[in-house]
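A.B. asks: just coords:
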């Protein structure tokens, strides 16, 4: 019995230790492992940042593409405006010559001034022979205006005719790309139709029915030329413009300046709509 006591003491001590460990484990609080979650959160944040950066890059590329298109559009504009300016200069010069032959020095001067503005605008862009001919046209138009202001209709008409010759030569020299010119002609015709319709309204408001009719006829020719090429809404608007121009001409021939002016104004609205104004 004496030998067993030490074993009992050892056994009691061992059981006490095990019980203590078990109690400590049971009462300990559970601490979750945050390592993987934290890494996941960082991964999500990184993905979001990458997405934002990607979106920004796409936006930047989109902006760059838009800018390039804007530059291309700007670069293409001078070529179109040159054709339009040259065509309008020639058109007004011809009208000026017609009035000059009729002895209308003041009206000749009015159209010669408009022709001069368009010729100078085209001259600034063109180069070589076309530019040289436009320079000569500008010189003769200035002389025509000077003599028109002095009521020298005959001398002014001679200078306008010289200007017309140079304007026509300049136009022929710039027709190096016929296909491109064909694409631009609807714009040129629409611009000239609008130009003459605007002048027609000015004369209509002043009671000049006959002059309104003259310009309405020219506007009609250009509107019809543009209508043949265009499609869709642009064509539909030009068809309406043509209807009103025909009415304007009819009432202009009857000396109904006010009614004719109303129809020309309607035509102007549709011409502008056809070119997106």
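C.D. replies: Structure's in. What do you need? Predicted, not measured: the structure shown is a model, and the values here were computed from it. Numbering: from 1, shown residues only.
A.B. asks: what's the burial count for residue 159?
C.D. replies: By other CB atoms under 10 Å, 27 other residues sit near residue 159. C-beta coordinates here come from the backbone N, C-alpha and C atoms, glycine included.
A.B. asks: ah, wrong one, I meant residue 277
C.D. replies: Residue 277 has 10 neighbouring residues, counting by other CB under 10 Å.
A.B. asks: how close does it sit to residue 194?
C.D. replies: With distances taken as CB to CB, to the nearest Å, residue 277 is found 8 Å from residue 194.
A.B. asks: Can you list the buried residues in the helix or strand containing residue 107?
C.D. replies: Element membership for residue 107, per DSSP states H and E: helix 105-123. Buried residues in helix 105-123, counted by 16 or more other CB atoms under 10 Å: 105, 107-116, 118-123.
A.B. asks: Quick check: what element follows that helix along the chain?
C.D. replies: Counting by DSSP H and E, what follows helix 105-123 is helix 128-149.
A.B. asks: counting contacts, what elements does whichever helix or strand comes after that next one pack onto?
C.D. replies: Counting by DSSP H and E, the next helix or strand C-terminal to helix 128-149 is helix 153-173. Applying 3 or more CB pairs under 8 Å, 6 or more residues apart in numbering; DSSP states H and E, one finds that helix 153-173 makes contact with helix 35-101, helix 105-123, helix 128-149.
A.B. asks: which other residues reach the helix holding residue 107?
C.D. replies: Helix 105-123 has contacts (CB atoms under 8 Å, 6 or more residues apart in numbering) with 81-82, 85-86, 88-93, 95-97, 99-100, 131, 134-135, 137-138, 141-142, 144-145, 147-149, 151-153, 156-157, 160, 163, 167, 170, 211.
A.B. asks: tally of neighbours for the residue lying closest to residue 164 once chain neighbours are set aside?
C.D. replies: In space, and not counting its chain neighbours, residue 164 is closest to residue 93: 4.9 Å by CB to CB, 6 or more residues apart in numbering. The local packing of residue 93 (other CB under 10 Å) involves 32 other residues.
A.B. asks: so what's residue 93 up against?
C.D. replies: Residue 93 sits in contact with 111-112, 115, 137, 141, 160, 163-164, 167, where contact means CB under 8 Å, 6+ apart.
A.B. asks: What is the nearest of those residues to residue 239?
C.D. replies: Distance to residue 239, by CB to CB, is smallest for residue 111 among the contacts of residue 93, at 28.4 Å.
A.B. asks: Distance check, the residue nearest to that closest one when sequence neighbours are not counted against residue 165.
C.D. replies: Excluding its sequence neighbours, the residue lying closest to residue 111 (CB to CB, 6+ apart) is residue 96, at 3.7 Å. Using CB to CB, one gets 14 Å for the distance from residue 96 to residue 165.
A.B. asks: Check residue 242 and give its pLDDT.
C.D. replies: At residue 242, the model reports a pLDDT of 95.
A.B. asks: What residues of the helix or strand hosting it count as buried?
C.D. replies: Under the criterion of DSSP H and E, residue 242 resides in helix 232-253. With burial defined by 16+ other CB under 10 Å, the residues of helix 232-253 counted as buried are 234, 237-238, 240-242, 244-245, 247-249, 251-252.
A.B. asks: what's the angle from the helix or strand containing residue 269 to helix 232-253?
C.D. replies: Per DSSP H and E, residue 269 falls inside helix 257-274. With axes from the mean of the first three to the mean of the last three CA atoms, to 10 degrees as the basis, helix 257-274 and helix 232-253 are set at 170 degrees to each other.
A.B. asks: tell me the average confidence for helix 257-274?
C.D. replies: Here the average pLDDT along helix 257-274 is 94.
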